[in-house]
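>>> Structure here, sequence nowhere to be found:
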C-alpha cells in the first residue's frame, strides 16, 4: 500500500481562532467555543492519497485528527507517471494594492498518473521537485510502470 500525506493549511482557521479568542476575552463562552474549536481542529488538517496496489484502487482524502474523508475508486491500468512543473504567480504587494507590480513566478511540481482510456490523467500530489521525483519513483516501482520527468526541457524517462 502506497501512502503520501501533506499538511493542508486552511485560511479560515486563524480567523476562527481569532474570533474565538475575541469572544473569550469579552466573556462570551458559548460563541468562543463554537468559533475557536473548529478553527483549532481545521488547523491540524492534512490531505493525502492512498493507493492499494493489490486491489488496484485509490483514495484521495482529507484527514482531520484521526478521521479520513474520501472514497476509494478503482484504478484503470496506469500507463506511466509524470513529474510536471507548473508556475505559481503571486505577490503580496500586488495582492494588497490590486496591481501586478512586483509579481514573482515560483515553480511548483506535481505528480500525475496517466491512464489509457477516457480519463487522461489524475493529479496525485504537489510539492518540491526532489520530493516529487522520489515519490513518483517509489509509486512507479510499486505499480510497475514507467516514470517520465516532464519538469525539464529534456523530458526523459527516469524509471
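Sure thing, it's come through. No experiment lies behind these values; they were computed from the predicted model shown.

>>> next SSE after the helix or strand bottoming out on mean pLDDT in the chain?
When each helix and strand of the chain is scored by mean pLDDT, DSSP states H and E, helix 92-97 comes last, with a mean of 46. Later in the chain than helix 92-97, the nearest helix or strand by DSSP states H and E is strand 104-115.

>>> same for that next one, what does it pack against?
strand 78-90, strand 121-127, helix 129-143 (3 or more C-beta pairs under 8 Å, 6 or more residues apart in numbering; DSSP states H and E). Just so you know, the C-beta spots here come from the backbone N, C-alpha and C atoms, and that holds for glycine as well.

>>> so the second one versus strand 104-115, what angle?
Using axes from the mean of the first three to the mean of the last three C-alpha atoms, to 10 degrees, the direction of strand 121-127 lies 140 degrees away from that of strand 104-115.

>>> List the neighbouring strands of strand 121-127 plus their orientation.
strand 104-115 (antiparallel) (DSSP bridges).

>>> tell me the angle the strand it pairs with makes with strand 78-90.
Going by the same axes, to 10 degrees, strand 104-115 makes 160 degrees with strand 78-90.

>>> what does strand 104-115 contact?
76-91, 120-129, 132, 135-136, 139, 151 (C-beta atoms under 8 Å, 6 or more residues apart in numbering).

>>> Okay, buried residues for it please.
Going by neighbour count (16 or more other C-beta atoms under 10 Å), the buried part of strand 104-115 is 109, 110, 111, 112, 113, 114, 115.

>>> Residue 33 and residue 19 touch, don't they?
No. Assessed by C-beta atoms under 8 Å, residue 33 is found out of contact with residue 19, at 11.4 Å.

>>> Secondary structure element for the residue of the chain positioned farthest from its centre, which one?
Ranked by distance from the centre of the chain (C-alpha atoms, centre = their mean), the top residue is residue 27, with 38.2 Å. Residue 27 belongs to no helix or strand when assigned by DSSP H and E.

>>> same thing with residue 152?
Using DSSP H and E, residue 152 falls outside every helix and strand.

>>> give me every residue that touches it.
Taking C-beta under 8 Å, 6+ apart, we find residue 152 in contact with residue 85.
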